[in-house]
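Participant: Build me a structure from this.
(one chain, ligands or ions: 1)
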Amino acid sequence: MANKGRAEMEVGADGVALITIVNPPVNSLSIDVLLSLKDNYEQALSRDDVKAIVITGAKGKFSGGFDITAFGGVQGGKTEQPKIGYISIDLLTDTLEGARKPSVAAIDGLALGGGLEVAMACHARISTSTAQLGLPELQLGVIPGFGGTQRLPRLVGLTKGLEMILLSKPVKGEEAYKLGLVDALVPRDELVKTARFWALEVAACRKPWIRSLYKTDKLESLGDAREILKFARAQAQKQAANLQHPLVCIDVIEEGIVSGPRAGLWKEAHSFQTLLLSETCKSLIHVFFAQRATSKVPGITDLGLMPRKITKVGILGGGLMGSGIATALILSNYPVILKEVNENFLKAGIDRVKANLQSRVRKGKMTQDKCERTLSLLTGVLDYESFKDVDLAVIENVSLKQQIFADLEKCCSPSCVLATNTSTIDLNLVGEKTNSRDRIVGAHFFSPAHVMPLLEIIQTRETSPQVVVDLLDVGKKIRKTPIVVGNCTGFAVNRMFFPYTQSALLFVDYGLDVYKIDRACTKFGMPMGPFRVADLVGFGVAVATGMQYLQRFPERVYKSMLMSIMVDDKRTGEATRKGFYKYDDKRKASPDPELMKYIEKSRNMAGVTPNPELMKLPDKDIVEMVFFPVVNEACRVLDEGIAVKASDLDIASIMGMGFPPYRGGIMFWADSLGANYIFERLKAWSKMYGDFFKPCSYLTERAAKGIPLSAPANQTRARL
Ligand SMILES: C[C@H](O)CC(=O)SCCNC(=O)CCNC(=O)[C@H](O)C(C)(C)COP(=O)(O)OP(=O)(O)OC[C@H]1O[C@@H](n2cnc3c(N)ncnc32)[C@H](O)[C@@H]1OP(=O)(O)O
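Facilitator: Got it, this is the predicted structure:
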């Protein structure tokens, strides 16, 4: 097999060996790179003409960390791994940090995970101000495994070290310098030169020769350290009660503080190995690659098309979504023209954008000055005059979309992409009165649009691949994760979301408690249960969406009357302070005993007698009852070719519905339980509760053949 990357060494006349990590695109540390690093080191240490060593990464990136592609091989038992502790102790600690010749890391671009750990094993670090330094391993379900749990707290202090590791939060060079993580900041073109000089100065004992593993000046006293660790444990459990690895990480850090850094290194190495094989790690690695795979769309991104440059965006409608989209765009430096129908609406739209930016200023995410510069990218207009030179026009939920598209066709340049933000509307209808159907595309943002990370890009049969490529590029620039889907009622995310609420409503009619369902879902890892979400979104939207589904899929909609009954009583969710929960002045939700009267009415209307046995169900069953219909619908979405691949639905469920990422997304989770198990349960429920649960043909077939739900189907009738 071809080598996966290498480290290259060049010895200069100054006596410095420059070792460069070369493994595009992010110079990840594959086993090949690490072994080659070791070879180079041994050579540098044995050569008389080498006085000091500088490590850097090729093409302006130090290293993106351990090679994540190798995780899968290890988990599947296919890749042989070096023995435990070989990299972190033998190589980085004993060979590199313990060497008789000093090493300096020259950091530009990124030093993440194992990359930063290599740098921390060096005796000094020089960085550019824009470099990103961090230990994001927890995001992947593991802990730093090359000494990071020991060295980072010793370099930046325990509190900051814990924050960076537990939140997987990198810092920029500037902050790293203030924290003492790097020793000097220099411009990019002076980086290697300064590092060489620094390394020679260390060798000549004119600059400190620091082994970070044994630094203690930044560490708190044992008593204080224990308090800090106790607080960190409580926080970690509060944030994600189902996750073990943050707690393991804190234990490993504690071991180093209590029993010394070498004991800490050993505990780290063993824990890393165990966590690597955990379900959480497997799920999170899957999510890492699935997220990157969403922008690889067969038949679109493999045609060699380059995204066209979008220099200006026009937005029609400055309501909640329009203003959110405008905010997202100007935050990424796109000039935006916002059109409204009258002065009042326009002012309200611009004020919303201002409020969105001000909220960032208040949270310390943006300076007032930057806020004003960003806002200057927004222009409000009342006519189409300035639309002549826009490259992308986004239409918010305005009535008369057809007319608007016909108008736009006349005003905009013939190459302008015409995008509509919609959650349900049929795109074919929207473009009916134009000759521009090839440049009409859906851009479904999730509210609040400047915060939520997902962007559904909806393609009709006529949308050109170029237009999709253009929108994928804009999506990436405004830091959204895009998924490309076909045109249908609800597209991918809402198609999956609908059965989630439906199933919950059905089981309330049959005797389950609203709050018990919500609790089971949040314990499973959802940020909110289906009823709390309905309160947040407002019943108006939920009831209207329900009607659309009823029209489109009458055979599998459960007609619960509960929400309509509550709407009749002006009880429509959080906005009215009363929904499934009641809300106090601070919008804190609490269960409302009054709810029972609506539930009883709903049960009467449905003609069902509640079954008290349902209240005895364990949380696991409730979760399955709520989510298996979602799996069933996800299977239909795949089968119909609305989504191209199962992993896109994993990302859609995580980013659009809040499905816990550490379960890998809806399809990945379903496969962990097995198609047959899901099929059997749905079949049993469909006998008891009706066709809402009836397993679809895709699920039935895969269950019968024992094929995983996410395995690609050769014969998928792609609608894209
Ligand atoms: C023992 C150690 O402690 C354990 C570890 O080090 S675990 C690894 C820790 N490192 C990380 O978690 C960093 C993960 N990577 C990232 O966050 C981001 O990729 C990044 C910030 C490095 C770059 O982001 P960005 O420029 O947006 O590019 P992005 O699309 O994400 O990545 C570019 C490519 O590099 C790949 N890549 C990124 N990091 C990688 C890694 N550590 N290993 C292998 N491949 C990696 C991506 O899969 C992608 O491949 P593709 O082009 O085939 O899809």
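Participant: Tell me who's in contact with the closest residue to the ligand within the stretch 251-400 of the chain.
Facilitator: Closest contact between the stretch 251-400 of the chain and the ligand, by C-beta to the nearest ligand atom, is at residue 292 (4.0 Å). C-beta coordinates here come from the backbone N, C-alpha and C atoms, glycine included. Contact analysis of residue 292 by C-beta atoms under 8 Å, 6 or more residues apart in numbering lists nothing.
Participant: Just the element for it, please.
Facilitator: helix 279-293 (DSSP states H and E).
Participant: Would you tell me what the next helix or strand after that helix is?
Facilitator: That would be, after helix 279-293 and using DSSP H and E, strand 313-316.
Participant: just checking, what packs against that next one?
Facilitator: helix 320-331, strand 336-339, strand 392-395 (3 or more C-beta pairs under 8 Å, 6 or more residues apart in numbering; DSSP states H and E).
Participant: now these as TSV including distance to the ligand?
Facilitator: Formatted as TSV, the helices and strands packed on strand 313-316 follow (distance: least, C-beta to the nearest ligand atom, whole Å):
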stretch	distance to the ligand
helix 320-331	17
strand 336-339	24
strand 392-395	22
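Participant: Redo the ones you listed as TSV? Include mean neighbour count and mean pLDDT.
Facilitator: What follows is the helices and strands packed on strand 313-316, written out as TSV (neighbours: other C-beta atoms under 10 Å; pLDDT from 0 to 100):
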stretch	mean neighbour count	mean pLDDT
helix 320-331	25	95
strand 336-339	24	96
strand 392-395	26	70
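Participant: I'd like to know which of these is closest to residue 381.
Facilitator: For residue 381, the closest of the helices and strands packed on strand 313-316 is strand 336-339, at 5.1 Å, according to C-beta to C-beta.
Participant: thinking again about what came up before, using PDB, write out every CA atom in the helix holding residue 292.
Facilitator: Coordinates of each C-alpha in helix 279-293 appear next as PDB, following Å, rounded to 0.1, in the frame of the first residue of the first chain:
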ATOM      1  CA  GLU A 279     -19.800   3.300  20.300                       C
ATOM      2  CA  THR A 280     -19.600   7.100  21.000                       C
ATOM      3  CA  CYS A 281     -16.300   7.400  19.200                       C
ATOM      4  CA  LYS A 282     -17.600   5.300  16.300                       C
ATOM      5  CA  SER A 283     -20.700   7.400  16.000                       C
ATOM      6  CA  LEU A 284     -18.800  10.700  16.200                       C
ATOM      7  CA  ILE A 285     -16.200   9.700  13.600                       C
ATOM      8  CA  HIS A 286     -19.100   8.700  11.300                       C
ATOM      9  CA  VAL A 287     -20.600  12.100  11.800                       C
ATOM     10  CA  PHE A 288     -17.200  13.800  11.100                       C
ATOM     11  CA  PHE A 289     -17.000  12.200   7.700                       C
ATOM     12  CA  ALA A 290     -20.700  12.300   7.000                       C
ATOM     13  CA  GLN A 291     -20.700  16.100   7.500                       C
ATOM     14  CA  ARG A 292     -17.900  16.400   5.000                       C
ATOM     15  CA  ALA A 293     -19.600  14.100   2.500                       C
END
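Participant: chain center to it: distance?
Facilitator: Put simply, helix 279-293 sits 10 Å off its chain's centre (C-alpha atoms, centre = their mean, to the nearest Å).
Participant: Check stretch 628-648 too.
Facilitator: Worked out by C-alpha atoms, centre = their mean, stretch 628-648 lies 20 Å from the chain centre.
Participant: In contact with the residue nearest to residue 305 when sequence neighbours are not counted, which residues?
Facilitator: Among residues not flanking residue 305 along the chain, residue 469 sits closest, at 4.6 Å (C-beta to C-beta, 6 or more residues apart in numbering). By C-beta under 8 Å, 6+ apart, the contact set of residue 469 is 300, 301, 305, 306, 307.
Participant: Which pair in these has the greatest spatial separation?
Facilitator: 300 and 306, at 12.8 Å, using C-beta to C-beta across the contacts of residue 469.
Participant: Neighbour count: those two, which is higher?
Facilitator: residue 300 (22 against 9; other C-beta atoms under 10 Å).
Participant: Please tell me the pLDDT value assigned to the more buried one.
Facilitator: With respect to pLDDT, residue 300 scores 95.
Participant: list the buried ones in stretch 682-701?
Facilitator: 682, 685-686, 689, 692-696, 698-701 (16 or more other C-beta atoms under 10 Å).
Participant: wait, isn't residue 622 in contact with residue 515?
Facilitator: No. Using C-beta atoms under 8 Å, residue 622 is not in contact with residue 515; the gap is 11.4 Å.
Participant: what sits in contact with each of the two?
Facilitator: Counting by C-beta under 8 Å, 6+ apart, nothing touches both residue 622 and residue 515.
Participant: Look up the closest residue to residue 589, ignoring the ones flanking it.
Facilitator: Residue 589's closest residue in space is residue 581 (C-beta to C-beta, 6+ apart), at 3.9 Å.
Participant: same thing with residue 696?
Facilitator: According to C-beta to C-beta, 6+ apart, the nearest residue to residue 696 is residue 636 (4.9 Å).
Participant: Surely residue 7 forms part of a strand?
Facilitator: Yes. Assessed with DSSP: H, G, I helix; E, B strand; the rest coil, residue 7 lies in a strand.
Participant: Relative to the ligand, which residue of the stretch 501-650 of the chain is the closest?
Facilitator: Closest point on the stretch 501-650 of the chain to the ligand, by C-beta to the nearest ligand atom, is residue 647, at 12.3 Å.
Participant: just the chain next, same as before
Facilitator: Counting by C-beta to the nearest ligand atom, the chain gets nearest the ligand through residue 113, at 2.4 Å.
Participant: okay, now the closest residue to that residue other than its chain neighbours: neighbour count?
Facilitator: What sits nearest to residue 113 in space, not counting adjacent residues and going by C-beta to C-beta, 6+ apart, is residue 65, at 2.7 Å. Residue 65: 28 surrounding residues under other C-beta under 10 Å.
Participant: Throw the helices and strands packed on strand 313-316 into a markdown table and include distance to residue 27, thanks.
Facilitator: As requested, those are exported to a markdown table (distance: least, C-beta to C-beta, whole Å):
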| stretch | distance to residue 27 |
| --- | --- |
| helix 320-331 | 29 |
| strand 336-339 | 36 |
| strand 392-395 | 34 |
